[in-house]
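> quick check, what structure comes out for this input:
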Amino acid sequence: MRKKIWIMFFVIIVISVLAGIVDWPKGPNLKIGSYYKELKIQQGLDLLGGAHLVYEADMSKVAAKDRDSALEGVQTVLDRRINALGVSEPVIQTTSGLNNYKILVELPGITNIDEAIAMIGQTAQLEFREGIEGKSLENGQLKSILIDDWQDVGLNGSLFKKATAQVSQSNYEPEISITFNDEGAKIFSEVTGRNVGKPLAIFLDKELLSAPRVNQAIDGGNAVITGQFTMDAAKKLALQLNAGALPVPINLVEQRNVGATLGQDSVHKSFIAGLIGILFVVLFMIFRYRFAGLIASIALAVYALIVIALFKLIPVTMTLAGIAGFILSVGMAVDANILIFERMKEELRRGKAYSSAIKAGFNRAWTSIRDSNASSLITCAILFFLGTGLVKGFALTLAVGILVSLFTAITVTRNLLFLFLGKKVRK
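Alright, predicted model coming up:
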């Protein structure tokens, strides 16, 4: 029994040291072969500052049964675009209700709203439309540049595979080469086949980009978009198109900037609040349970080291709500110890030996500890899967704290109590 206790004590020391190395502000980053991961606390928008944008999706042309999937498609496209541009830990969420479909975008570290909007880019609603004689065309010549005057043929940016910015070999002007998928290639072939000798309009965000004349039916699904492009503009549009065409148009309805100064002030106050909370918890435990309370406080320190290390390894994006969840979990981390110690006191009052009281205290308290933490984890799961960004952060940090507290309360405290078993401790 004594040998097992020392082995477990050594394991606890190793885990604590490794967690401390990860926690160190300038500690080593994780590198395994070609895999590299920077170990740092990811800060959310309310701590780091950044841009907060809200877009509204236009579902007027989408069937009601397809709107949820279209909104999900918009979220996926925006996520790919933003991540491709290297924005750290963006938050992209959707909300819907009463024919109102919105996308929330938070970009930590981006303080220039115009820069944030430029990073996301325009909606890149690319459409190919054929002319209508007497409305968009006059004797086969271009008459109108309004998108409503052209016939929708169902050929848009969602039907292509790849876009590449290049320089035309004929006039050395920047252009964009696109390749359609099988469905797009079929539609493109049919459209060009019936419009030989006529202009085929290319609209980007409802504005005429180009109206090249079709000389022959184009098979194979390859086409070129021409227009008054600079090379930077061509590259930007190619990036947007490669990230995926939005299934529906989106409009920016809200924008604001969150200053980093407010975030740093919040971090400072949260840090002070956390220290005060931990101090009061430690003083209460020592005053109430004496040496056992000191053991619980040591276990609490191990708990804090492991939790912060996990926050950096997962990683968890810390927000004010997430910090609140962590501070709350500090108090909950000693809940199990209190249940165990009260059971131990009952056993000692009955005249049991100290070692027997420890065993009985842990065994009898386990059911209550298990059920209370299970109910808390279920609540965290509900908040995480049904809540928004800040609520999710709170639920995640609280859940991580609860799981680690089970280890520290049951394993760390138990082994330390047995390790320091002696006459003075029993007294």
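
> can you pull the contacts of the residue most central in space within the chain?
When the chain is reduced to its mean C-alpha position, the nearest residue by CA atoms, centre = their mean turns out to be Val91, at 5.2 Å. In this structure, Val91 makes contact with 44-45, 104-106, 317, 389, judged by CB atoms under 8 Å, 6 or more residues apart in numbering. Heads up, the C-betas are built off the backbone N, CA and C, glycines and all.

> would JSON lines of those with pLDDT and secondary structure be doable?
JSON lines is the format used below for these (pLDDT from 0 to 100; DSSP: H, G, I helix; E, B strand; the rest coil):
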{"residue": "Gly44", "pLDDT": "76", "secondary structure": "coil"}
{"residue": "Leu45", "pLDDT": "75", "secondary structure": "helix"}
{"residue": "Leu104", "pLDDT": "87", "secondary structure": "strand"}
{"residue": "Val105", "pLDDT": "88", "secondary structure": "strand"}
{"residue": "Glu106", "pLDDT": "84", "secondary structure": "strand"}
{"residue": "Thr317", "pLDDT": "77", "secondary structure": "strand"}
{"residue": "Gly389", "pLDDT": "65", "secondary structure": "helix"}
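
> ok, so of the residues you listed, who is nearest Thr76?
In terms of CB to CB, no member of these lies closer to Thr76 than Val105, at 13.1 Å.

> count of residues packed around the closest one?
By the other CB atoms under 10 Å criterion, the neighbourhood of Val105 contains 24 residues.

> same thing with Leu208?
18.

> so it is in which element?
Leu208 belongs to strand 207-210 when elements are defined using DSSP states H and E.

> next up, the contacts around Phe287.
When contacts are counted by CB under 8 Å, 6+ apart, Phe287 touches Gly293.

> now do Leu383
By CB under 8 Å, 6+ apart, Leu383 lies in contact with 391-392, 394-395.

> now it: how far from Gly220?
Distance, Leu383 to Gly220, using CB to CB, to the nearest Å: 52 Å.

> check Val14 too.
Shown here: Val14 relative to Gly220, a distance of 62 Å by CB to CB.

> same check on Glu38?
Plainly put, Glu38 is 44 Å away from Gly220 if you go by CB to CB.

> what about Lys352, which SS state?
On the three-state scheme (DSSP: H, G, I helix; E, B strand; the rest coil), Lys352 is labelled coil.

> need the pLDDT of it.
In this prediction, Lys352 carries a pLDDT score of 84.

> now it: phi and psi?
The phi and psi torsions at Lys352 (degrees, to the nearest 10) take the values phi -70, psi 160.

> which secondary structure element is home to the closest residue in space to it that isn't next to it in sequence?
Excluding the flanking residues, the one nearest Lys352 by CB to CB, 6 or more residues apart in numbering is Ala360, at 6.7 Å. The secondary structure element spanning Ala360 is helix 354-386 (assigned by DSSP H and E).

> can you point out the buried residues in that helix?
When neighbours are counted by 16 or more other CB atoms under 10 Å, the buried residues of helix 354-386 are found to be 354, 357-362, 364-365, 369, 373, 376-377, 380, 383-384.

> return the distance of it from the chain's centre.
29 Å (CA atoms, centre = their mean, to the nearest Å).

> which element follows that helix toward the C-terminus?
Scanning the chain past helix 354-386 towards its C-terminal end, the next helix or strand to appear is helix 389-407 (assignment: DSSP H and E).

> I'd like the contacts of Leu383 laid out as JSON lines, including neighbour count.
As requested, the contacts of Leu383 are arranged in JSON lines below (neighbours: other CB atoms under 10 Å):
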{"residue": "Val391", "neighbour count": "15"}
{"residue": "Lys392", "neighbour count": "21"}
{"residue": "Phe394", "neighbour count": "23"}
{"residue": "Ala395", "neighbour count": "23"}
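
> from these, which is closest to Leu146?
Out of the contacts of Leu383, the member with the shortest distance to Leu146 (by CB to CB) is Lys392, at 44.0 Å.
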